[in-house]
Structures are given as C-alpha cells and as structure tokens.
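Undergrad: Predicted model and sequence follow; I will ask about them next.
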Protein chains: 2
Amino acid sequence: MLNNLQFYGDSISGNCYKLQLVCSELDIDYTWHEVNILSGATQTEEFLKLNPNGKVPLMILPDGRCLPESNAILSYLADGSSLRGSDRYSRASVLQWLFFEQYSHEPYIATARFIVKYLGSPVERQTDLEGKRPGGYKALDVMELKLSSDHFIANNEFSIADIALYAYTHVAHEGGFDLTAYPAVREWLARIETRPRYVAMRAALRQA
Amino acid sequence: MLNNLQFYGDSISGNCYKLQLVCSELDIDYTWHEVNILSGATQTEEFLKLNPNGKVPLMILPDGRCLPESNAILSYLADGSSLRGSDRYSRASVLQWLFFEQYSHEPYIATARFIVKYLGSPVERQTDLEGKRPGGYKALDVMELKLSSDHFIANNEFSIADIALYAYTHVAHEGGFDLTAYPAVREWLARIETRPRYVAMRAALRQA
C-alpha cells in the first residue's frame, strides 16, 4: 500500500497531470506541491538538489528517496497492477508506448502547446512552432492507425500508456493541432473521459 | 529462456547497439538483420508494416509479435534479471534514467553525432547542430554529478540504464562533445568497457 507520497508538479503540465490520473484510477493518496515552471521554480538551488535535471514532476517517498520522470513515476505507482501490463511482453509493450510518448509525441505536441498557450506564440518562436507540426502529426498518425483496430493503445487494455498519451493529446488543439482527421483518436479520448475515476486537468484553475 | 529473437537494426546506431550489449551480458542469442537507415530502409512499405513509426531497432518474437523502442526492448530482454532492478523503487529508478536518456540525452548527443559523422556536418545544419550543445552538456552535467558519488547510474548497480546511456555517451566526441571536463563520466565509460562480456560497437565495420 502506497501512502504519504509527495508530488512536486505544475498543474499546467500534462506530464504532471499524468500522476493525478493514475492516482485517481488506483485510489492512491498524495500531497501535491504546486511548482510554477513559468517562474523558474524548477531551477532554484533548492529544487535542483531534489532533481538535478530541473524538471517536474518529482515524487518524494516517505523515506526521502526521490523519483523524477513522469513515466517512471507512473510505472512505480502502477507496478504490480493491471495498468502496468500483466506479462513480460505486455509490460514491454506498455513501455514501448511510454517511450514513444516521450520521444515521438511530447517534444512536438506538448512543446507546441507551451509555445502557443503559455508563451503567447511570440514571433521569434514561429519557425520553431511550425517545425513541430510534421512530428506531431506523424505521432497522431501512428496513434490513429493503432486505435483504428484497438480500444486502447497497448495490448488493447487500459494502461498507463493510455494515461501518458492522453495527457497531451487531449489538449493538442491548444498548440494548434487539428484532430478532425483523427476519428479513432477522438473516440479514444472520449473513452478515457467516461471512465468512472477520470479526473479533468486542473490547468484551468491556475489561469482563473 | 529467450530464443529465436530477430532484431532489425543499423550498426551505426547507438540505439541498436544497446541490444548487442544487453544480449552479450545476458547470453541471449539472436539473429541480426542489418537495416540501412541512411538509405531509407526504415521508411519502406514493408518495414512500416512492422513498425508504423519507421524506426529501428525492432525486435520480432518467434510468434511474430513486434516490439519497437530500444529501451522497451532492453526492458523486455532484462525482465526478471538484476539488470532491470530488483524491487519496486530500483525498477522505477532504472526507468528514470532510460527516460532521461531518450528525452534529455539522445536528442542532443546522438543527433549531433548523426549530423557530424553521417551527414558530414552540412552548412545548412550548423544552427541546428550548435543548438544541440547546451542540452547535450546539461545531460553530461547531470550524469557527472551522479557518477561522482556512484559507480553506476541507477541504484549504484550495473543495469540497462548504464547500457542505454553508454551507447551514445561513448561516441559523444564524434558529434563534437568534449568530455575533458567530465572525469566521472570517463571513468564510468572505462568501467563498462572492462566488463568481461563487453562488446564494442560495430559501426566501424560498415564504414570500412
């Protein structure tokens, strides 16, 4: 039984939101420490002692051990549950999609959202922003192909791979990505949103 | 016991080399199918049926199931062994560094090497190449800090996280990174190279 977990995260970040989704699914309690990435709070001397890579989310266990990297934290929280995969191949298949998310999806779709929504789409970032389009749409193409035959992204079973990919796909439009041509992806988003323990992203709270 | 594994990979790729390192450590046999990424062999209709994301390495199991993503394949091959971590936290800590490798290290250090060594450092890629320096040196800084106190990157035990990070760190100089200021990283490279089952990268073979 996991308890007394401390999370450092920013509610505008999809990487941090993943933890809220998995904890709701698995009924895990935690304490949330809001860290404002826009104000440089992950680059302070104090924070860099906890995570020298200067990123959120970060999990602190009751004995003080730290764990960064959103998808490693998801794997820790879901270890031994059906959300992590039930045999050698299915566990690896879940990881396949977690690595796909961090390498082939997040750097395009999350970064475009950050530039548009949080930096206000400045003129000097337009080339960078447009450079995100081919990679982002390629990631969506790969997901659409998979979700055209399967209900869930890995092993056709709901897992932390769905949680990881949902986090930024459901706000892809905030970075200028148009999901009209991706019906299977849109159905999958709706499928996740109707789960009984689904929780919405709290990004809107901080903007209010 | 794993057997009859088929790997599709390019010997110039550090991501593919990782599989050769872990199979040597764990005494796993495999058949290697050389795929030339420079000639577009990962973008053919035939290959995209195996991996719609169009990347190597790719593993095919005897029953035909496919697994892409180098670090997911490492996790599959090492599942249940000490190289994957022995408890919940150590397994997650290994994953932490595998995600660090794919998000904060490979996109800078491997990509710079590709531009310099395999594209011949063309004029039109110089801005892109120089843009890789801060991220690459930041990744090396994070590794140096960790390896200044520990012999191995995760849990202070040799694991697939060392294998994953070794693959491109040991050829970082080929992309123009200078490791002079990273003594702990250099000692760690040497520590891996003196392991009894260490195998060298075969990239040189194809260039000859």
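TA: Nice, I can see it. Numbering: from 1, shown residues only, chains lettered A, B, ... in the order given.
Undergrad: Could you use CA atoms for every contact and neighbour count after this?
TA: Noted.
Undergrad: going on from the helix or strand A:Trp32 falls within, what's the next piece of helix or strand?
TA: Using DSSP states H and E, A:Trp32 sits in strand A:30-34. Scanning forward in sequence from strand A:30-34 by DSSP H and E, the next helix or strand is helix A:45-50.
Undergrad: Now find how far off-centre that following helix is within its chain.
TA: 23 Å (Cα atoms, centre = their mean, to the nearest Å).
Undergrad: got the buried residues for it?
TA: A:47, A:50 (16 or more other Cα atoms under 10 Å in any protein chain shown).
Undergrad: quick one: least confident helix or strand in chain A?
TA: helix A:203-207 (a mean of 56; mean pLDDT, DSSP states H and E).
Undergrad: Any residues of chain A in contact with chain B? List them.
TA: Chain A comes close to chain B at residues A:52-53, A:67-69, A:71-73, A:75-76, A:79, A:88-89, A:91-93, A:95-96, A:99-100, A:102-103, A:139, A:142, as judged by Cα under 8 Å from any Cα of the partner chain.
Undergrad: Pairing partners for the strand holding A:Trp32, with directions?
TA: Counting by DSSP bridges, the strands paired with strand A:30-34 are strand A:5-9 (parallel).
Undergrad: right, and the secondary structure at A:Tyr89 would be what?
TA: Each residue gets one of three states, and A:Tyr89 gets helix by DSSP: H, G, I helix; E, B strand; the rest coil.
Undergrad: Next, the contact list for it, please.
TA: By Cα atoms under 8 Å, 6 or more residues apart in numbering or on different chains, the residues touching A:Tyr89 are B:Tyr76.
Undergrad: Give me the nearest residue to A:Ser90, chain neighbours excluded.
TA: Leaving aside its sequence neighbours, A:Ser90 sits nearest to A:Asn155 (Cα to Cα, 6 or more residues apart in numbering or on different chains; 6.2 Å).
Undergrad: Kindly list the main-chain dihedrals of the one you found?
TA: phi 60, psi 10 (degrees, to the nearest 10).
Undergrad: any idea how chain A splits into domains?
TA: A:5-82+A:198-205, A:84-193 (automatic domain parsing).
Undergrad: From the chain's centroid, how far away is the first one?
TA: Its chain's average C-alpha position is 10 Å from that of domain A:5-82+A:198-205, according to Cα atoms, centre = their mean.
Undergrad: got it, and the longest one?
TA: In terms of Cα atoms, centre = their mean, the centre of domain A:84-193 is found 9 Å from the chain centre.
Undergrad: what's the model's confidence in it, averaged?
TA: Averaged across domain A:84-193, pLDDT comes to 98.
Undergrad: What lies in contact with whichever strand or helix holds A:Glu187?
TA: Using DSSP H and E, A:Glu187 sits within helix A:183-193. Applying Cα under 8 Å, 6+ apart, the contact partners of helix A:183-193 are A:140, A:143-144, A:147-148, A:151-152, A:166, A:170, A:179, A:198-199.
Undergrad: can you check stretch A:26-37 too?
TA: Here stretch A:26-37 makes contact (Cα under 8 Å, 6+ apart) with A:2-11, A:23, A:41-42, A:56, A:78.
Undergrad: Pull the contacting residues for A:Asn15.
TA: A:Asn15 neighbours (Cα under 8 Å, 6+ apart): A:56-57, A:70, A:164, A:167-168.
Undergrad: Inside helices: which ones of these?
TA: Counting by DSSP state H, the members of the contacts of A:Asn15 that fall within helices are A:70, A:164, A:167-168.
Undergrad: Can I have the buried ones of the contacts of helix A:183-193 as a ChimeraX selection?
TA: Entered in ChimeraX, the line below selects the buried ones among the contacts of helix A:183-193, by 16+ other Cα under 10 Å:
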select /A:140,143,144,147,148,151,152,166,170,179,199
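Undergrad: Now the two most distant members of the contacts of helix A:183-193.
TA: Pairwise distances among the contacts of helix A:183-193 were taken by Cα to Cα; the largest, 25.0 Å, belongs to A:Ser148 and A:Val199.
Undergrad: How many residues are close by A:Glu157?
TA: Neighbour count of A:Glu157, defined by other Cα atoms under 10 Å in any protein chain shown: 18.
Undergrad: do the same with A:Thr127
TA: Neighbour tally, A:Thr127, other Cα under 10 Å: 9.
Undergrad: Would you check how far apart it and A:Pro183 are?
TA: 29 Å (Cα to Cα, to the nearest Å).
Undergrad: Check A:Tyr17 too.
TA: 24 Å.
Undergrad: So between those two, which is more surrounded?
TA: Set A:Tyr17 next to A:Pro183 and count neighbours by other Cα under 10 Å: A:Tyr17 wins out with 25 against 13.
Undergrad: Surely that one touches A:Tyr168?
TA: No. Applying Cα atoms under 8 Å, one finds A:Tyr17 not in contact with A:Tyr168, separated by 9.2 Å.
Undergrad: burial count for A:Thr180?
TA: Around A:Thr180 there are 8 residues (other Cα under 10 Å).
Undergrad: tell me the SS of it?
TA: A:Thr180 ends up coil, using three-state DSSP.
Undergrad: for it, phi and psi?
TA: Dihedral pair for A:Thr180: phi -50, psi -40, per degrees, to the nearest 10.
Undergrad: mind listing what it touches?
TA: A:Thr180 neighbours (Cα under 8 Å, 6+ apart): none.
Undergrad: on that earlier part again, so which bits of the strand holding A:Trp32 are buried?
TA: A:Tyr30.
Undergrad: Just give me the closest of the contacts of A:Asn15 to chain B.
TA: Comparing the contacts of A:Asn15 against chain B with Cα to the nearest Cα places A:Ser70 closest, at 8.4 Å.
Undergrad: ok, the closest one to A:Tyr137 distance?
TA: Counting by Cα to Cα - A:Ser70 and A:Tyr137 are separated by 23 Å.
Undergrad: Settle it for me: which of those two has more neighbours?
TA: A direct count of neighbours by other Cα under 10 Å for A:Ser70 and A:Tyr137 places A:Ser70 higher, at 26 against 18.
Undergrad: tally of neighbours for A:Gly176?
TA: 16.
Undergrad: which ones are touching it?
TA: A:Gly176 neighbours (Cα under 8 Å, 6+ apart): A:112-113, A:116.
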